[in-house]
Structures are given as structure tokens and as C-alpha cells.
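K.L.:
What would the 3D arrangement of this be:
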Amino acid sequence: MPVLATSWNESANGLSYTFKLRQGVYYSNGDPFNAYGVWWNIYRDMYINQPADFIFYTYFNTSGVSVADVNSFNTPTNTPTNSTLLSVMENPHNSVTVLGPYEVQFHLSTPFVAFLYTIGTSPWVFVDPHVVEEHGGVVTNQPNSWMSVNGTTVGDGPYICEQYVPNQFAVLEANPHYWAQNLSNNFFTAPPHIQKVVIYYKTDELTRTLDLESNKAQAAIITFNDIKNVLSAGKNLYIPATGPSGSLEFVTIDTERFPTNNSLVREAIIAAINVTQIEQEVYNGYAIPVVGPEPSGFFGYNNSIKPPAYNVTLAKELLKEAGYPNGQGLPPINFVYPQSAYLSLVAQIMVQDLAQIGITLQAQQVSFDTWLSISLVPGTNSTAPIMNYGSWTYYPDFSAYEFIVDQQLGAFFFLNNQTINNLILESNTQLNQTLRAQEISQITFDVKQNAAVIWLGQDLDLYDTGGGFGPVIWNECLSGMWYNTAFNGIAFNSVYYTCTPS
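P.N.:
Residues are numbered from 1 along each chain as shown. Have a look, this model is predicted:
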């Protein structure tokens, strides 16, 4: 839907996209939003190279633009004041070209079929260039420390962050100078109707549950295994029926290190895990069977590829064929997951299931930050876990879910398979939809054949929190959407208060 852009077009070869931007858009401090700011933000994100920024490198590069060029753009009008910088911005050979104050063109290095889908997701967030440059500017491979704390105090949305205390709370105030205040608004540009919104950061799951039940909060993230208790305790609480989400939950198995470099061992582990029990008892039925790396319901998902069956007898036979009858000779296998009540239950079931075939699973709960850093360790590294919890969420196209399984793309260590890697790269550039669907189906089949992932399920009727956090529960006065709590996901929330204020 047109928000910051009013129209756009794509070249027939999928290599060029031109956007006409909406005029009259400005940040809450009065600085204007324009094509020069778009240019600056794309190169800023590539140079700071933070977690979600790898997406840009799928189709862009920094050739022809230095970090010094980026930092030379520092004016409250967000318009270049020197001809040298303007010529860099207007260079038609660079990844991003400014065609005019309100027109910008993107030149992709290869066709990327999901380009128009992904620009609506993080990291496509256009901050005020002048604010960043006045507070430290852009440093290669580093986040801006001032922006990490204060970055939401100046924005172009309906709310501004009036106060933010890290790890405690944020206070959002309606922006009295919102640029879309008097427009005929669509869903995404609606003006603010509630003057103040307070978001509290509470790490204790029980506290969040009690706040919901006592009506101290109108929405909160709880743990999956507590859904029934919360819904029964608060008659005004509910989960909206939204259908399958874009969030996958899974456990990866290292394919590169002993003993799981033996595919028969991996197949035995997968056959021994009762995923149906996990979906019913841990996720309380709010997870449906899935064969990733793509969520069910997305373009190219092949329903004929079924999840592996729970079969203890088969698991024992596979271990025997691998040379480990009844698990004899196998060392303990570690399983790492972030601190989470429902993931602790997942770990308990997995420990019990694998004990049936003679495998000792050592479950290790760590902090979220530790888990995230461990997830990036290559599978050949001795510090990498043999089995690791994973979650990936809320992108509208398969192109982002490929990072779950392809180590060569640099996001996770889980699988290193050249055939799958080549298919992923081909599917990203495949403009023929029929062929692309076939390639995605083949990727799914090959990933299943490699036995590298236990697909715990695809979240149902839940907004995409992911990462071991659990679902959002609402009270009857609220409806809308709350985005992912990790670094990925769409860059806005749309929450509506429907009751008469007291």
C-alpha cells in the first residue's frame, strides 16, 4: 500500500525499481523526508551491518559510495549542499540513485523476486539522517550508540517516544505535528487517536500474566504453556483467530560434527521426537505441523511433503544401522535454548524421547543474548551446540526463510549443502513463478532428506513474537497487531482500543 511512496514501477528484467515519494512528509522535529534521505539510509544500513542488514547485501553493494560520503550528508534540510555529494547520489551506476528530490531508483545486482515484499520489513527503516549525523554519524560495522537508546525520539509516524528507560518502559505520545494528520488515510497512515501509550518491559513471565489477569495491562506476551490458564482466569482476555502465522519454531541438528555428521543418527533423532505431543502439550494446540524452511500458506509451499513420523522402532533401527545399537557408543548430545518456560518443557520432552533410544540429551538453558550469539557460530566450531533451538518469523516471502538452513548465506550454522545453496540463489532470481514454486518445493524436499531440522511447528492464531517469547494475549478492548520482539519483522504496530475510555 502506498505510504511513503505514491507509486513505483519495476523493469522487465527485475533489476530496476523506481519509486516516486510522497511530498510533504516530515519527521516529528520538522526535518523533511525525501529521496536523499532514502539514499542515505540504504548506505547507512549496509555500512553499520547490523543483524537484519544482511538482507540488503542480497541485491545491493556499496560500490561507488564510501562511509565518508554518507557522513558528509549533514544538514537539517536533508538536501545535499555540495555538488560532489550530489553527483554521488545521482550516479546511475550505484545501487541507489536519486533521480530528483522525490524520486529514487534502485539497481539490483541480480533479480530478486521478493524485492517488493521485503521493502515493507525491517531493516527498511528511514531514520532522520540529520539526527544521526548530529549524534555520532555512521561507523563501519558498528551501531550508533546514541541511536540505540534515543533513535525513536524522532520519527515520521503518528507517535513519538516521549521517554525511554532501557529495560524498564517506553512512553509513546501522539505526534501533534503528524504529517498525515489531515490526509484521507489508509490503514497504515491513520492519525493517533490515543494520546499516550506505555509499554513496560518485564522479563518475568508470571508478572506479565498477573498484569493481564488484573487488567493492569491491555496486552502482554505470555508463555505458550500458560495459554489455557490465562484465558480461563481472565474472562475479558482472548486470542484473535488469525490463522497460521509467519513464525516457525524448530530445533537444528549440526550436520558437520561428530556424532551428528552421520545422517542416520540425525534421522534417528528426528524419528524419536514426538512433535505432535509438543504441539499439543507445550504449544497448547497453537502450533500446526509444518515442513520448513517455508511456512505453510506461503507461495510455493508443497503440502504433499509431510513431516517425518514419530516412530521409536524406526529410530532404534536407524541407530543400529549407524553402528550405535541402543545408543551404545554415542556421547551425550547437548541442546541449547534461550531462557523460556515453554522451551524448558520442549527440552524435557526431547530428553525423555531420546532416552527411549539410548541417547543422552543434555539440555542447556542460556540467556537470550547468549543463545543468539551461539546461533551464529559455524557448525564446524567446537563451541557450537549439536542441537539448538531456532525461530524465524514474519517475512512475507520465502526469500527470508532460506537463511534458516543455508550456512553459506551467513545467518546460521545449521546446514552446509551446495545443492541447496544453489537452489536458494536460483529461486531468489527466478522470475518465472511456476519454476520458482518448483525450486522452493525441491529445497523443502532436500532439507527434509538431509535430516538437519526438527520442525516443532508453525504458530497458529498468534502474532509473530518468536524467539522463545510466546504469544501475545489481548483484553477485549484491544485489537490489532504487535510485531516481532526480535530484530526482524515489520517496522510498525497497529493496535486499536475499541472500548469507551473511562
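K.L.:
other SSEs contacting the biggest strand by length in the chain?
P.N.:
Longest strand in the chain by number of residues (criterion: DSSP state E): strand 244-253. Strand 244-253 is packed against helix 263-272, strand 387-393, strand 453-460, with contacts defined by 3 or more C-beta pairs under 8 Å, 6 or more residues apart in numbering; DSSP states H and E. (Glycine included, C-beta is placed from N, CA and C.)
K.L.:
Would you mind giving the orientation angle of the second one with respect to strand 453-460?
P.N.:
Going by axes from the mean of the first three to the mean of the last three C-alpha atoms, to 10 degrees, strand 387-393 is angled at 40 degrees with respect to strand 453-460.
K.L.:
quick one, strand 387-393 and strand 244-253 angle?
P.N.:
Using the same axes, to 10 degrees: strand 387-393 against strand 244-253 is 160 degrees.
K.L.:
what's downstream of strand 387-393, the next helix or strand?
P.N.:
helix 398-401 (DSSP states H and E).
K.L.:
Please identify the buried residues of the helix or strand that that next one is followed by?
P.N.:
Using DSSP H and E, the helix or strand that directly follows helix 398-401 along the chain is helix 418-429. Under the neighbour-count criterion of 16 or more other C-beta atoms under 10 Å, helix 418-429 has 420-421, 423-425, 427-428 buried.
K.L.:
Just the CA atoms of helix 418-429, as PDB, please.
P.N.:
Extracted C-alpha coordinates of helix 418-429, given in PDB (Å, rounded to 0.1, in the frame of the first residue of the first chain):
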ATOM      1  CA  GLN A 418      25.900 -26.700  -2.000                       C
ATOM      2  CA  THR A 419      22.900 -28.100  -3.900                       C
ATOM      3  CA  ILE A 420      20.500 -26.400  -1.500                       C
ATOM      4  CA  ASN A 421      22.600 -23.200  -1.600                       C
ATOM      5  CA  ASN A 422      22.400 -23.100  -5.400                       C
ATOM      6  CA  LEU A 423      18.700 -23.700  -5.500                       C
ATOM      7  CA  ILE A 424      18.100 -20.900  -3.000                       C
ATOM      8  CA  LEU A 425      20.100 -18.500  -5.000                       C
ATOM      9  CA  GLU A 426      18.300 -19.600  -8.200                       C
ATOM     10  CA  SER A 427      14.800 -19.300  -6.600                       C
ATOM     11  CA  ASN A 428      15.600 -15.700  -5.500                       C
ATOM     12  CA  THR A 429      16.300 -14.700  -9.100                       C
END
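K.L.:
Need the residues that contact it.
P.N.:
Defining contact as C-beta atoms under 8 Å, 6 or more residues apart in numbering, one finds that helix 418-429 is touched by 14, 58, 110-114, 398-399, 402, 405-406, 408-409, 436, 439-440, 442-443, 446-447, 450.
K.L.:
Which strand or helix spans E317?
P.N.:
Per DSSP H and E: helix 312-321 holds E317.
K.L.:
Show me which positions of that helix end up buried.
P.N.:
314-320.
K.L.:
now swap in stretch 383-396 and tell me
P.N.:
384-396.
K.L.:
Stretch 291-310 now?
P.N.:
Those would be 291-296, 300-302, 307-308, 310, for stretch 291-310 by 16+ other C-beta under 10 Å.
K.L.:
same thing with stretch 428-443?
P.N.:
So for stretch 428-443, counting by 16+ other C-beta under 10 Å, buried means 428, 430, 436-443.
K.L.:
picking that back up, now the helix holding E317, how far from the centre of its chain.
P.N.:
Between the centre of helix 312-321 and the centre of its chain there are 36 Å (C-alpha atoms, centre = their mean, to the nearest Å).
K.L.:
Please list the outside residues in contact with stretch 381-388.
P.N.:
Identification of contacts with stretch 381-388 by C-beta under 8 Å, 6+ apart yields 251-254, 257, 260, 269, 333-337, 361, 364, 371, 374-375, 377-378, 413-414.
K.L.:
One more: stretch 228-245?
P.N.:
So stretch 228-245 is in contact with 209, 212-213, 215, 222, 227, 284, 286, 288, 295-297, 393-394, 458-464, 471, 473-477, 479, going by C-beta under 8 Å, 6+ apart.
K.L.:
Which among those residues count as buried?
P.N.:
So, by 16+ other C-beta under 10 Å, the buried ones in the contacts of stretch 228-245 are 209, 212-213, 222, 227, 284, 286, 288, 295-296, 393-394, 458-460, 462-464, 471, 473-475.
K.L.:
So which of the residues you listed sit within strands?
P.N.:
Residues of these located in strands (DSSP E): 288, 393, 458-460, 473-475.
K.L.:
for the chain, what helix or strand is lowest in average pLDDT?
P.N.:
strand 478-481 (a mean of 72; mean pLDDT, DSSP states H and E).
K.L.:
helix or strand right after that strand?
P.N.:
strand 494-497.
K.L.:
hang on, the earlier thing: what two of the buried residues of stretch 428-443 are the furthest from one another?
P.N.:
N428 and S441 (15.1 Å; C-beta to C-beta).
K.L.:
quick one, phi psi at E439?
P.N.:
phi -70, psi -40 (degrees, to the nearest 10).
K.L.:
Isn't P158 up against I194?
P.N.:
No. Counting by C-beta atoms under 8 Å, P158 stays clear of I194, with 9.8 Å between them.
K.L.:
Which neighbours do those two have in common?
P.N.:
Counting by C-beta under 8 Å, 6+ apart, the shared contacts of P158 and I194 are A174.
K.L.:
Compare those two and say which is more crowded by neighbours.
P.N.:
P158 (22 against 14; other C-beta atoms under 10 Å).
K.L.:
So the more buried one versus A5, what's the distance?
P.N.:
Distance, P158 to A5, using C-beta to C-beta, to the nearest Å: 18 Å.
K.L.:
Repeat that for L372.
P.N.:
Per C-beta to C-beta, L372 is found 33 Å from A5.
K.L.:
go on, V265?
P.N.:
From V265 over to A5 (counting by C-beta to C-beta), the distance is 51 Å.
K.L.:
Of those two, give the one with the bigger neighbour count.
P.N.:
Just comparing V265 and A5: by other C-beta under 10 Å the higher neighbour count belongs to V265, 24 against 17.
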